[in-house]
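Asks: I would like to see how this sequence folds:
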Amino acid sequence: MRGAPQISPHHLLSLVDDVGIVQHAFGTIPNRLSGYCVDDVSRLVITMLNLDHGESDNPTYRRVLPSALAFLFHAWDREAPGLHNLMDYGRNWLDAPHTGDHLGRAAWALGAVIAAEPVRPEADPCLRLLTDMQPSLEGAATPREIAYIIIGLTR
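Replies: Okay, here's the model as predicted:
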């Protein structure tokens with residue numbers, strides 16, 4: 001009988017590139033056709049904060065966090081409510097900005113960066129983005145989206 005799978009940062013990092021984290025994989029092989037999404041990149045931000053805790057000299061973790069945050073910043077459109085969510089592997093957005101779980105998860109990720117100890121250099125830009133997102137956050141409609149936003153704002 002097989003034991004419980006172990007979490008391996010090496011596998012996680014094999015799914016990450018300079019854009020974000022590929023949504024799906026064939027086992028350990030990234031499925032580039034699946035592209036990227038704000039939901040998964042938000043989870044990546046939170047995971048990188050946890051993996052980086054106590055290992056701030058690790059250059060891989062230092063590279064991934066700003067790249068993942070850049071994806072979230074790019075998903076924001078001041079002129080439209082919400083965020084884009086889906087991007088293809090060619091870096092083209094596949095949807096218009098909208099609200100949903102992905103907006104809540106992005107708020108959670110930004111809140112986690114803002115609250116991180118020691119204070120991170122990314123905290124101020126994340127706070128500005130979270131502030132810019134406020135009108136969209138106030139329009140949250142689903143319980144899960146609201147829950148993610150609350151987690152992010154209480155950080």
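Asks: ok, which stretches of this protein are helices?
Replies: Counting by DSSP state H, residue ranges of the helices within the chain are 9-14, 38-52, 59-75, 101-115, 123-132, 134-138, 143-154.
Asks: Of all the residues in the first one, which ones are buried?
Replies: Along helix 9-14, the positions that meet the burial threshold by neighbour count (16 or more other CB atoms under 10 Å) are Leu13. Yep, even glycine has a C-beta here, placed from its N, CA and C like the rest.
Asks: Kindly format the C-alpha coordinates of it as CSV.
Replies: Output of helix 9-14 as CSV, limited to C-alpha atoms (Å, rounded to 0.1, in the frame of the first residue of the first chain):
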residue,chain,number,x,y,z
PRO,A,9,8.5,22.1,-3.6
HIS,A,10,10.5,20.7,-6.5
HIS,A,11,7.3,19.5,-8.2
LEU,A,12,5.6,22.8,-7.5
LEU,A,13,8.4,24.8,-9.0
SER,A,14,8.4,22.6,-12.1
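Asks: Show the contacting residues for the nearest residue to Val22 once chain neighbours are set aside.
Replies: Leaving aside its sequence neighbours, Val22 sits nearest to Pro30 (CB to CB, 6 or more residues apart in numbering; 4.1 Å). Pro30 makes contact with 14-15, 17, 22, 24, according to CB atoms under 8 Å, 6 or more residues apart in numbering.
Asks: Pull up the gap between the residue minimising distance to the centre of the chain and Gln23, please.
Replies: When CA atoms, centre = their mean is applied to the chain, the residue found nearest the centroid is Ser42 (1.6 Å). Ser42 sits 12 Å away from Gln23, taking CB to CB, to the nearest Å as the criterion.
Asks: Also Met87?
Replies: Taken as CB to CB, the span from Met87 to Gln23 is 10 Å.
Asks: which residues do the two both contact?
Replies: 35-37.
Asks: Next step: those residues restricted to strands.
Replies: In this view, the shared contacts of Met87 and Gln23 that belong to strands under DSSP state E are 36-37.
Asks: Taking the shared contacts of Met87 and Gln23, please make a ChimeraX selection of just the buried ones.
Replies: Applying 16+ other CB under 10 Å to these, the buried members can be selected in ChimeraX as follows:
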select :35,36,37
